[in-house]
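[1] A predicted structure for the sequence below; I have some questions about it.
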Amino acid sequence: MKHNYRKTLAMASALLALTIAAGTGFAAGKAPPEMTEQEFAVAKKIYFERCAGCHGVLRKGATGKPLTPDITQEKGSEYLEGFITYGSPAGMPNWEGTLSKDEIKLLTNYLQHTPPLPPEFDMKDIKETWKVLVPTEKRPTKKMNKLDLDNLFSVTLRDAGQVALIDGGTKKIVTVIKTGYAVHISRLSSSGRYLYVVGRDAKVVLIDLWMETPEAVAEIKVGMEARSVETSKYKGWEDKYAVAGSYWPPQYVIMKGETLEPLKVVSTRGNTVDTQEYHPEPRVAAIIASHEHPDFIINVKETGMVLMVDYSDLANLSVTSIDSARYLHDGGWDSTHRYFMSAANKSNTIAVIDSKTRKLEKLVTVGATPHPGRGANFVHPEFGPVWATSHLGDDRISMIGTDPVGHPKSAWKEVGTLSGAGGGSLFIKTHPKSRNLWVDTPLNPDATASQSIAVFNLDNLKAGFETLPIAKWADLGAEGVQRVVQPEYNKDGTEVWFSVWNGAKQKSAIVVVDDKTRKLKAVIKDDRLVTPTGKFNVLNTQHDVY
């Protein structure tokens, strides 16, 4: 019997509306806690902003566990409330202090109701959101400011729905630009002129860095929820196209690079690589631009497919689908920019994709729930060039050999591991000019781990790590639940910047550490720094340096 998922989900959504109005619901023969329409709306917003990224819009799970009513009602309110409040060592953050007790209670009740089905978002909807704020003919023909753009940082101000552009030399905010909610990443055009940011609400904003004061010149919404944006980098196609991928609806949108005019929408719904079952919510995770072909390399989370999307002929779009593993999330290049190292986090696997041959090179088993960001490339004294990832689920730092020519016996294997400060790591970072390896643990429920950073000496990895008290150096006081997240280097690899994330209602900061001495160099504080999270140096991001 052929199952019509869309019809079933639509029926569930309609039934949900009736149950909310009646104050009752169903799952496994039970009624969920009563909620008013207003309470449900508030809880739905909290879930979207804080939980959907890991657990899915339909709550079927991915990095996080499934949260469908048959599971949540069986667990019960007391269990759910405690889990949300205190988190777990496997990577579930403790939301105490970030969410109020009333918000946690609302979320606990919401999770026991049937998830509502969000609407589709097709080309007509997308075009209605597209705005060119400054036409191309009114933009400068040369750089009009005196900024050292190579050392400019694009900093996500998560809860403010903004990015701050910070001068890496003076440590001063150049400007703050309104964006979508909780910008997930910033990407640079191949030329370094244009900055693209995408919010979790799927709003893409294009910023022209050549203007006297950099400002937004175009914007568009590509869906209801998103995480990824990238630009064309292959020779001859620089700055021509941009692509953004959505969590909902599951699709990607190819746009003109200088205006964000939408050109093509492609759905990613399909069958999984393992059980070959149809999945209604295969979300687009990491996107990376190939240097070997005019390709966008797109991770489809739930199906475990890596798509090589050839943008050289949009009217006759050619897509190579590569079977890898579920659930694909983040990843980055090896040091040669040929091999895409992609985390399939619930499979505890790194998929190695050869962007030149457009084929899977290897599936490498690593630790529990790898979350590398873009990973870290360095030369190991025994195994040669390696790429490393940390993990959400354990303290392991896995090193994978990436040199099939010079070190063939080590290539595409986990050649070694390091013991870090614990699970709950989101980012790992080094730089070609550095001999340090920095690993954060912001989602670890232990405050000592989440408020500090672990740093390894690449010349003596066996010595273990040193712990630096980044949150203490920020000196933000006792209020809030502080977390240290995402190391990012300046343009020449002499400084490492850390975000001290402290919730929307408390002061946050950026701490700058001297990479060579590991000593505090500067603390950036400003009332405009509302939950600074990801930081993206222009030069490093433009040239995929990590």
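    Perfect, thanks for sending it.
[2] which SSE is residue 484 in?
    Assignment of secondary structure by DSSP states H and E places residue 484 within strand 483-489.
[3] what is that strand packed up against?
    In terms of contacts (3 or more C-beta pairs under 8 Å, 6 or more residues apart in numbering; DSSP states H and E), strand 483-489 is packed against strand 428-429, strand 436-440, helix 470-474, strand 495-501, strand 532-537. The C-beta positions use only the backbone N, C-alpha and C, and glycine is treated the same way.
[4] distance between the longest one and the chain's centre?
    Pointing back at strand 495-501 there. From the chain centre to the centre of strand 495-501 is a distance of 17 Å (C-alpha atoms, centre = their mean, to the nearest Å).
[5] what residues does the helix or strand following that strand touch?
    Following the chain from strand 495-501 toward its C-terminal end, the next helix or strand by DSSP H and E is strand 509-514. Counting by C-beta atoms under 8 Å, 6 or more residues apart in numbering, strand 509-514 makes contact with 155, 166, 171, 468, 470, 473-476, 484, 494-500, 502, 519-525, 529, 532, 535, all of which sit outside it.
[6] so how do I select the buried members of the residues you listed in PyMOL?
    The PyMOL selection below is limited to those of the contacts of strand 509-514 classed as buried (16 or more other C-beta atoms under 10 Å):
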select buried, resi 155+166+171+468+470+473+474+476+484+495+496+497+498+499+500+502+520+521+523+524+529+532+535
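[7] in TSV, list the helices and strands packed on strand 483-489 along with mean pLDDT and distance to residue 111.
    Supplementary listing: the helices and strands packed on strand 483-489 in TSV, determined by pLDDT from 0 to 100; distance: least, C-beta to C-beta, whole Å:
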stretch	mean pLDDT	distance to residue 111
strand 428-429	98	31
strand 436-440	98	28
helix 470-474	97	30
strand 495-501	97	24
strand 532-537	96	25
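[8] closest to residue 122 out of these?
    In terms of C-beta to C-beta, the element of these nearest to residue 122 is strand 532-537, at 29.4 Å.
[9] just give the nearest non-adjacent residue to residue 134, would you?
    Among residues not flanking residue 134 along the chain, residue 217 sits closest, at 4.1 Å (C-beta to C-beta, 6 or more residues apart in numbering).
[10] need phi/psi at that neighbour.
    The phi and psi torsions at residue 217 (degrees, to the nearest 10) take the values phi -120, psi -10.
[11] shouldn't it be in contact with residue 208?
    Yes. Applying C-beta atoms under 8 Å as the test, residue 217 and residue 208 come out as touching, 4.7 Å apart.
[12] those helices in this protein, which residues are they?
    All helices of the chain, identified by DSSP state H, fall at 5-22, 37-50, 52-55, 69-75, 77-86, 101-110, 123-129, 447-450, 470-474, 538-542.
[13] which strands and helices sit next to the last one?
    Put plainly, it is helix 538-542. Packing contacts for helix 538-542, counted by 3+ C-beta pairs under 8 Å, 6+ apart, involve strand 152-157, strand 183-188.
[14] before we move on, the earlier item: ok, so what distance separates the residue nearest to residue 134 from residue 126?
    18 Å (C-beta to C-beta, to the nearest Å).
[15] repeat that for residue 170.
    When distances are taken as C-beta to C-beta, residue 170 and residue 126 turn out to be 39 Å apart.
[16] my guess is residue 335 meets residue 384, correct?
    No. Taking C-beta under 8 Å as the definition, residue 335 is not a contact partner of residue 384, at 10.1 Å.
[17] what pairs with residue 256 across the strands?
    residue 241 (DSSP bridges).
[18] OK, contacts around it?
    With contacts defined as C-beta under 8 Å, 6+ apart, residue 256 is in contact with 240-242, 263.
[19] can you pick the most crowded of those?
    Per-residue neighbour counts (other C-beta atoms under 10 Å) across those peak at residue 242, which has 32 neighbours.
[20] need the contact list for it.
    When contacts are counted by C-beta under 8 Å, 6+ apart, residue 242 touches 196, 204, 206, 229-232, 254-257, 260.
[21] got the CA coordinates for stretch 57-76 in CSV?
    Taking C-alpha atoms only, stretch 57-76 is exported to CSV below (Å, rounded to 0.1, in the frame of the first residue of the first chain):
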residue,chain,number,x,y,z
VAL,A,57,10.5,20.5,12.6
LEU,A,58,8.4,17.3,12.6
ARG,A,59,10.2,16.1,15.8
LYS,A,60,11.4,12.9,14.1
GLY,A,61,15.0,13.4,15.4
ALA,A,62,18.4,13.6,13.8
THR,A,63,21.3,14.8,15.9
GLY,A,64,18.8,14.9,18.8
LYS,A,65,16.4,12.1,19.6
PRO,A,66,12.9,11.8,18.2
LEU,A,67,10.3,13.8,20.2
THR,A,68,7.0,12.5,18.8
PRO,A,69,4.0,12.3,21.2
ASP,A,70,4.2,8.5,21.4
ILE,A,71,7.6,8.9,23.0
THR,A,72,7.1,12.2,25.0
GLN,A,73,3.8,11.2,26.6
GLU,A,74,5.3,7.9,27.7
LYS,A,75,8.2,9.8,29.3
GLY,A,76,5.9,12.2,31.1
